[in-house]
Structure formats: structure tokens, C-alpha cells
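>>> Here is a sequence with its predicted model. Questions after.
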Number of protein chains: 2
Amino acid sequence: MESIKYQLSDVRIPTSWYNIAADLPGLAPPLHPATGAPASVGDLTGIMPKELAEQELSTTREIEIPDPVRQVYAQWRPSPLFRARRLEKALGTPARIYYKYEGVSPAGSHKPNTAFPQAFYNKQAGIRRLTTETGAGQWGSSLALAGALFGLEVQVHMVRVSYHQKPHRRALMHAYGATCLPSPSRETDVGRRILDQDPDCPGSLGIATSEALELAMNDPHTNYAGGSVLNNVVLHQTVIGQEAMAQLDMAEDYPDLIVGCAGGGSNLGGLAFPFLGARLRGGDGVQVVAAEPAACPTLTRGRVAYDFGDTAGLTPLLRMHTLGHSFIPPSIHAGGLRYHGISPLVSHAVTEGLIEARAVPQTRCFEAGLVFARSEGIVPAPESTHAVRVVIDEAVRCREEGRPRVILFGLSGHGHFDLGAYEKHLAGELGDEGMDPEAVARSLAALPELPGGEG
Amino acid sequence: MESIKYQLSDVRIPTSWYNIAADLPGLAPPLHPATGAPASVGDLTGIMPKELAEQELSTTREIEIPDPVRQVYAQWRPSPLFRARRLEKALGTPARIYYKYEGVSPAGSHKPNTAFPQAFYNKQAGIRRLTTETGAGQWGSSLALAGALFGLEVQVHMVRVSYHQKPHRRALMHAYGATCLPSPSRETDVGRRILDQDPDCPGSLGIATSEALELAMNDPHTNYAGGSVLNNVVLHQTVIGQEAMAQLDMAEDYPDLIVGCAGGGSNLGGLAFPFLGARLRGGDGVQVVAAEPAACPTLTRGRVAYDFGDTAGLTPLLRMHTLGHSFIPPSIHAGGLRYHGISPLVSHAVTEGLIEARAVPQTRCFEAGLVFARSEGIVPAPESTHAVRVVIDEAVRCREEGRPRVILFGLSGHGHFDLGAYEKHLAGELGDEGMDPEAVARSLAALPELPGGEG
């Protein structure tokens, strides 16, 4: 019945973010879509402040966390690392299962780890407003929170279907004082063009990103803030893994296996990269598994190519696993995992054999979420249940093989705003829509041509 | 911009609960309604195990917390104590404001502090099922959680209007594996009688309590678990105040003023009683304010009398401030504060001049909740906004008077399941229904006659 918490004191909040680009050579740079040349800091400062643009391209291993950001982090960081003793007992497994719980942040997920530094650097640069996209709303509400605390206006373009399905996440953004619009909207050229073609368009993360980018590009007082995928975002999330490593050290343990759910990849990268970096520098080996939805299997079924991060093609070209930027995934409840691409850093680590990927269907994830809730007491976000599913499968395998492995996983957020999905699952109303192979084939055929020739 | 967290280590979770009955003489005992004689442990064991019945009547100062309960507490306790520096700055107040945040529990409020010990003692006594009432659902979901972890069935009778208004709280109970029924239901004599008279009855906490009690009284394998009011419940909540005292000690501070919202009174008592006990034993003075809703002003407008805790009159008679057990409060969103009576311990402390009470209207509470959310980052539960309202008013007074008082308040829970209410407030759709004086006069006229003569 015990869950033992290993709490570090405030002084142990990391003082720097860890940049795996220092230890993982061969990362392909983002490219300017018009020229095909590697993007420069100057190419990026139209939508983000110089500090973030520099972080985006940096290969420096340690990047100092500004003091005002550490002070805000101190409200909930270090986040707790739990030993899942009750889950272990329920599964009868000899595995030792630990989870790093990011749901203790005020917005309920890992997203504030990057929302606060992004708001800080933008405020410092004199920016007045941030625009962004959001799917299920974890990112939008986190940026709304950061804007409230650092004194920036925030405008969130929320995928239309989620905007109507998840009124409480929207209400949370309003409570923090942000503006939240359904996407596509008539506020942007991109949105108007799409709505003219299809007035009932349900929207997608790619479309919402295009709208947010368009507004940032056209207003010098407005910048864009990304919730995942970008190198600087993954960098900020490495507080998770650094803390977990120190906390496991206090527990005199080290993971054999690390599991995280992967949508844009920042949650997984944030947890795993400090461990993979140690391995790359000659430390202990560790297996890392990315858990992704069967409905949007970017890593297991996508192609590695240069592609846009958004639908309208406004981002730099990013080399990553992708299902194609025009792919619109089925409407699974893990809205945060419904993205056609993934962080180039995570993609590169997969290519290098440092991370393996598994695709899991929605209902088996919700089943795992309920097992977890009833043993550990925390209802996981639908995104996080993907990691829980893989962990339970691995723990059962440990039981069958009699192997006491040490498993660490990221519980990226709580499911307080997703209980309607649990209720549907309990009522047997959720299905396991798979990826549509023909839709993927179509969107892969529409990958951008590069000036350099690679598609 | 800083919120500084003072985290204690696990070893500092209190080892005992603090019973203010040891230091606050003159508490009137619960009475057997048929005889008018003080209730004995034996009178109570029909609905609760012997240990809880003994705690209910105990005057022992320190009551040891069983180890399995402390182990579960360790999942989120000690809960954080925050210095509200950003709120102080937003208000321009010289006051030092601290808040003890109970929303970090897996169910999101202070309620698990008593749900776990109640589940533990009942499980030990061989009980199979617990029944209870819930309004907004904080208590029902906490008991559902405790039942899941200790292996007990839980059946929650949820006030019908909340059952339909708050489907997500209901879904949380289901996720934890509990049964949740709208009250009144056809499962009980009480419920059937009420539905026969009024098939559309919206329900009340008093009715739901009667239903839960009836089932516990008629089945030897079923007990009742109360979410507030009872002495043993307030006792369990004193972990809050004990921790806060130790944490403030680490911060080298001591409160001049303690504020908590008061419905059944266990949140306020749990925070304030350890401080009041120290005062009663000769320690520093401290002002304590109970914040209650203007729509249900039990302490500011009720009468001190022996009354039932439920509508059907199944509880022992409790001497407390009451609006009459047949009073049905207006449907404010702070469902946890819609109760006709209050903890006899809190009531007695008010009578003795140790606690003062203030009634605050709903919309001013939501306004305060938004100020708090946008400065401290946490969206308070509607119940908790009552305390926030009083604290902001006091902090502004400190600014006007130039007095740097030290204010400690209880942030009893987060508002993740109440964002619909915030959205309505932001849309200007919430009103300030006051108490209906005629309804109170009617219910006070219906107070029970005592065999001993007092009404």
C-alpha cells in the first residue's frame, strides 16, 4: 500500500538544462524552406527571441536556467518521484517501478517547464503577446498560466473539435486571462482559406500552428511559443530527467528501462535525454521506449524526412519521423499525441538506436489508466496512459521471466480534464481507430521538395 | 514572482492527530435522539468501527496515526506551504500571506486526510462496504480513492442536482471503481418516501446522508463514512495545521490571522485547531476567521442548538450552529459549503470566542479566485475561494492601515472540476442568491425536541 516519495529540497532544482545535441552528433539542422540552407538564429528571430533561437541551434551541453525561471519552477519542482509499490503488488511483478509525476504543476502537466522560460525570454525581449496552438489544451493552459505570471497576453488557437469537446480546458485558459479561439478561425489568412473550402473543418494541430505562426510573423510585438517538437522546448523539459536521476540516486537505484509517451517528443526527451547523455558519455546502458498511439504512429510507421511542422508550411523544414504534414490523425482522446511529426532530437535518437518505439491502441491505454488509478490513486492523462500501458506490459513480462528490472516512466499529467473520456471508456463507447494507411500514403506523397533534392 | 515552497521531509509527517477536545472544555456531547442521553461508543458502532467511535468521544490530546495511514499520507504529505509573494505584490500589501495547499492530494482536496483512516479502520474491522453522501463530489471521490486502495466497496449518494451538473466528479468516482447514485434514490426507504412526494426532488446533503446512513444501519457488512462535521473527521484533518505550524517554524514566522472556508468545518478546524490548542495551552494569540457562503450562513445566522446532521433524523443529536436540518440552501457552486450545520467542535470554538465568522457572497468569491489564479497560478475550488476572498480583504486592509500582519489560510482544493462555474462567472451568469430568511425560520421552527427539554 505504500508509495514512497523521494522529495529533493528546493536547492536541488537543476541549475541548467541539459542539451543532448552536445553528446549526440549528426543531428540534421533545420532548413530555411526557400533556400534549403541551414536556418540561422536570424531566420528564427521573427517568431522567437534571440535567446530561444540560440538555444534552438546550440550544441552547448549545459545551458543555465535564468533565476526568475528557477524561482517559478520552485512552486512545484522538484516534482515527486514515486515508487509504484501498490501497482507492483497489483501486478505481482518483481520489477521496481518508479514514476516521475509532472501533474503537480499548476497547469497539471509537464508543459509549464517550457512555458515559463519561453514567457520569460519573450517578456525580457519586450514582446507583448504570445500566440500558440493547442490540441487537448495542456499546452495552451500552461502558456496561459505563464503569460499571467510574466505579464504577457496569450492567444491560443485550439483545434476546433477539442474546443467544443473540452470546454473545461478552455475555461482554464480563460481563468488565467488568455484568449482562446477555435481553429481554423477567420483571424488569419490560413484559417480563412481553409474555412472557405470547408466551413465545418474540425481543425488539426498543424492548422492551429499555422494560424499562430502567421500572427507572430506579421506583428513585431507578437511571438510564437511552441509546446513541443522544437529543440529549445525539449531542452527545457530536461529538468524532469535530471531530477529523476538525482532522486533515483537517493533511492540507490538506476533504471534498466525508461518509458514515456511521445507526441511531439518533449516529455519523453525531457525524461530520457539526461540518462541517454550519461550513456553516450560512457555511463550505464539504459533501454528507452517511446509509447505512441496506434492511431498516429509517427515513429513506428512514419518516414524520416525533412517536413514542415505545420499545415501551411510556415515553419523551417525539420528532419524527423513524419506521417506528412497534411496528415490528420483520427480523433483519439490523447489529443497531445495527435501530431504528424516529432522532435528532430527524438527522431535522431530513434534513428541512432537509442530509443525504440511502440504503438498502442487507445482502449488498452485507458484500461491501463484505470489499473494505475485504482492502485496508485492518480488518474493519468490520456497521453500518459500510453506510457502506463507499456510499463504494465513490461512489468508483467518481468513477472513471467522472473526478472527484477528497474523501470522508470514519465507520468506527464493528470486526467482531471479528460474524465469524460474515461467515462466513455467505462461505458464501452471508445474504439480503437487505427491509422488510415491510404491517408498516410497521400500525405507522405505530399512531403515538401527540398532545394537540395531530398524529399 | 516567487512562490517559495517550504517542503518538509517525509519523516516530519505528524505521528499523531491533535484532539482539541483535550484543551477546549465544555463541549456538549452527541445525544442519543430517543433517550436524550449522551451517546456511547456502543451507540455509534452500528455505523462506524470501534476505533472511530472512540475517537469521536475521546478527550485524549494526541491520537496516534496508524502506520499504514501514514504510509499513504506520504504520497502527498506534507502538503506544500506556499508564501503567496506574487499575490502580495499584486495587492501591494505589507502582509505576509501563506497558504497551505491541500489540492496536491490525488483526489484534489483535503478530504483524503480522513478518507484513508476511515477506510483503514473499517477494513481492519472486517467491513466490506462504505456508504456516504457527497455534494460537489470532493468527499465522494476521496472515499472512492480510499476504498480502491484499501480494498473496500464504496457507494456514494450524490446530491441529484450535482450528479447531473458535475459529471466529471462522478466519472472520477467511477474511475476509482466506486458506485455513484443520484440522491434521492429508490434504493432506500428515505429516498423512496421523498421521491413519492416529489419525483423531481433536487436532493440535498441532508437527504443523501440519510440514505447512506440507512444502508449502513441495515447491513452489518456496511458502515457509513462521514466527510465532515464529526469529531473524528476534524481530528484527522489536524495533520494540516500541525504541518503548517512546523513549516512556518522553518520560515521563522507565526500567523496573526488564520482563515479557512467552513462548510462542515473540518477543513477550518484541521488547519486552525493545532494553533488554537497552542493558544489555549498558553501560547501565542491568533485570530481565526471562518469564511462561509452568504447563501448558507450557518455560523453568522444560525442558532446554537441540538439538531440532526441529516434530513431524516438518523444521526445522533449534535449541538452546533444550525440553520435547521430541513433547510435546503440555494444552489451555489461551492457545493461543499451547502450544509445546514457545522462541526460541534468548530461551533463550540465560535461560541467560546476563539473563531469568528464572516459570510461572503458567491460572485465576490469567484472574483477573488481569479485574482489568486492569475497571481499564484492555482485555480481554487469554489469552496476555497471563500477563504481567498476574506484573505484579500484583510490584506488590502493591511495595506490601508500599513500593518504587516502574517496571514495563513487553507487552500483546501483545486477547481479543476469546477471550471464550468468559473466560465459562468466570467460570462456574468452567476448571481448572489442570499439565504431565504423565511426558509430558515421554518427550518429552525422544526428543530427536534429533546427529551431533556432543550430545543
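Nice, thanks for sending it over.

>>> Could you list the buried residues of stretch A:240-250?
A:Ile240, A:Gly241, A:Gln242, A:Glu243, A:Ala244, A:Met245, A:Ala246, A:Gln247, A:Leu248 (16 or more other Cβ atoms under 10 Å in any protein chain shown). Placement of C-beta: from N, CA and C, glycine included.

>>> Could I get the pLDDT score of the residue located most distally from the centre of chain A?
Relative to the mean C-alpha coordinate of chain A, counting by Cα atoms, centre = their mean, the farthest residue is A:Gly402 (33.4 Å). As predicted, A:Gly402 sits at a pLDDT of 97.

>>> From A:Thr93, how far off is it?
Here the criterion is Cβ to Cβ, to the nearest Å. By it, A:Gly402 lies 10 Å from A:Thr93.

>>> Spatially central, which residue of chain A would that be?
A:Ser266 (4.0 Å).

>>> ok, now which ones touch that residue?
A:His110, A:Thr114, A:Gly227, A:Ser228, A:Val229, A:Val233, A:Val234, A:His236, A:Gln237, A:Ser343 (Cβ atoms under 8 Å, 6 or more residues apart in numbering or on different chains).

>>> Out of the buried residues of stretch A:240-250, flag the one nearest to B:Ala34.
Closest approach to B:Ala34 among these (Cβ to Cβ): A:Gln247, at 57.1 Å.

>>> Who does the nearest residue to the closest one once chain neighbours are set aside form a beta bridge with?
In space, and not counting its chain neighbours, A:Gln247 is closest to A:Leu81: 3.9 Å by Cβ to Cβ, 6 or more residues apart in numbering or on different chains. When bridges are called by DSSP bridges, A:Leu81 pairs up with A:Tyr6, A:Lys100.

>>> where are the low-confidence patches of chain A?
In the predicted model, chain A carries pLDDT under 70 at residues A:1-11, A:451-455.

>>> Flag every residue of the stretch 151-300 of chain A that's near chain B.
Within the stretch 151-300 of chain A, the positions adjacent to chain B are A:Pro167, A:His168, A:Arg170, A:Ala171, A:Leu172, A:His174, A:Ala175, A:Tyr176, A:Gly177 by Cβ under 8 Å from any Cβ of the partner chain.

>>> and if we set it to 10 Å?
Within the stretch 151-300 of chain A, the positions adjacent to chain B are A:Gly151, A:Pro167, A:His168, A:Arg169, A:Arg170, A:Ala171, A:Leu172, A:Met173, A:His174, A:Ala175, A:Tyr176, A:Gly177 by Cβ under 10 Å from any Cβ of the partner chain.

>>> Can you verify my assumption that the last one contacts A:Phe150?
No - under the criterion of Cβ atoms under 10 Å, A:Gly177 makes no contact with A:Phe150, lying 11.9 Å away.

>>> When those two are compared, which one has more neighbours?
A:Phe150 (22 against 16; other Cβ atoms under 10 Å in any protein chain shown).

>>> Nearest residue to A:Gly206 in space, please, no chain neighbours.
A:Thr311 (3.6 Å).

>>> for the helix or strand encompassing A:Ser375, which positions count as buried?
In the assignment (DSSP states H and E), A:Ser375 maps to helix A:362-376. Buried residues in helix A:362-376, counting neighbours by 16+ other Cβ under 10 Å, are found at A:362, A:364-376.

>>> quick one: which helix or strand includes A:Thr60?
Applying DSSP H and E, one finds A:Thr60 in no helix or strand.

>>> Next: the one 10 residues further on.
Counting by DSSP H and E, the secondary-structure element that holds A:Arg70 is helix A:67-73.

>>> Pull the distance from that helix to the chain's centre.
Helix A:67-73 sits 21 Å away from the centroid of its parent chain (Cα atoms, centre = their mean, to the nearest Å).

>>> Now do the contacts for A:Arg338.
Neighbour list for A:Arg338: A:135-136, A:159, A:162, A:204-206, A:263, A:293, A:295-296, A:327-332, A:383 [criterion: Cβ atoms under 10 Å, 6 or more residues apart in numbering or on different chains].

>>> restrict the buried residues of helix A:362-376 to contacts with chain B.
Answer for the buried residues of helix A:362-376 near chain B (Cβ under 10 Å from any Cβ): A:Phe366, A:Gly369, A:Leu370, A:Phe372, A:Ala373, A:Arg374, A:Ser375, A:Glu376.

>>> what's the closest non-adjacent residue to the fourth one?
The shortest distance from A:Phe372 to any residue that is not its chain neighbour, by Cβ to Cβ, 6+ apart, is 4.9 Å, and that residue is A:Val388.
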